[in-house]
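Chemist: Sequence first, then the predicted structure, then my questions.
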Amino acid sequence: MAPRVIFKADWGHNNSRRGAILTLEHLRNPRVMRILEAAAETAPKLIDNEMLVSEGWRDIRDTPDAHERHEAFDLSLNQLACHEGQRKYDAQNWANCLRAKLGDDYTVLIHGTGTNLHIHAQIKKGR
């Protein structure tokens, strides 16, 4: 069964003090919603079968990025149902599967550290 998609709530875990924001612009763009669909289809075993979207729209940088253009999502890797030694392997495998599923019009990468380690997936600029 595909995982439930959970948008991070504002639990005070970070300095931004807000949850992941999904906007009408996301919902109206099937190409960006495809990121969530493909992520759910390729997700490994997750704690409580919940895929946590940790970032949608944001306006926190000096220069616009894919999040501000409503063309990206970040997926938390804290929900991976594996032991810590397996986490990086499972994370990379998920990113590879997601990249293959989405194709060349998308960028998929892993970045962050510790509890902020996540998959960033976006529509390539200009595509």
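Modeler: Sure, I can see it. Nothing here was measured: the structure is a model prediction, and the numbers come from that model.

Chemist: Output the longest helix belonging to this protein.
Modeler: Ranked by number of residues, the top helix in the chain under DSSP state H is helix 84-102.

Chemist: Go through the next helix-or-strand element following it and flag the buried ones.
Modeler: Using DSSP states H and E, the helix or strand that follows helix 84-102 towards the C-terminus is strand 106-111. The neighbour-count check on strand 106-111 (16 or more other Cβ atoms under 10 Å) flags 106-108, 110 as buried. (Glycine included, C-beta is placed from N, CA and C.)

Chemist: will you turn the residues you listed into CSV that also has pLDDT?
Modeler: Shown next, in CSV, are these (pLDDT from 0 to 100):
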residue, pLDDT
Tyr106, 98
Thr107, 97
Val108, 98
Ile110, 96
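
Chemist: Relative to Gly19, which of those is nearest.
Modeler: Closest approach between these and Gly19, by Cβ to Cβ: Ile110, at 21.7 Å.

Chemist: Thr23 versus the residue nearest to that closest one when sequence neighbours are not counted, what's the distance?
Modeler: Distances taken as Cβ to Cβ, 6 or more residues apart in numbering place Ala95 nearest to Ile110, at 5.2 Å, with adjacent residues excluded. Counting by Cβ to Cβ, to the nearest Å, the separation of Ala95 from Thr23 is 24 Å.

Chemist: and if you look at Met33?
Modeler: 12 Å.

Chemist: Repeat that for Pro3.
Modeler: 22 Å.

Chemist: For the nearest residue to Cys97 once chain neighbours are set aside, grab the count of nearby residues.
Modeler: Nearest non-adjacent residue to Cys97, counting by Cβ to Cβ, 6+ apart: Thr42, 4.0 Å away. Each residue near Thr42 was counted by other Cβ atoms under 10 Å, and the total is 18.

Chemist: What of the one 4 residues further on?
Modeler: A count of neighbours around Leu46, defined by other Cβ under 10 Å, yields 22.

Chemist: wait, it sits on Cys82?
Modeler: No: using Cβ atoms under 8 Å, Leu46 makes no contact with Cys82, being 9.7 Å away.

Chemist: which residues does Ala2 contact?
Modeler: Counting by Cβ atoms under 8 Å, 6 or more residues apart in numbering, Ala2 makes contact with 40-41, 43.
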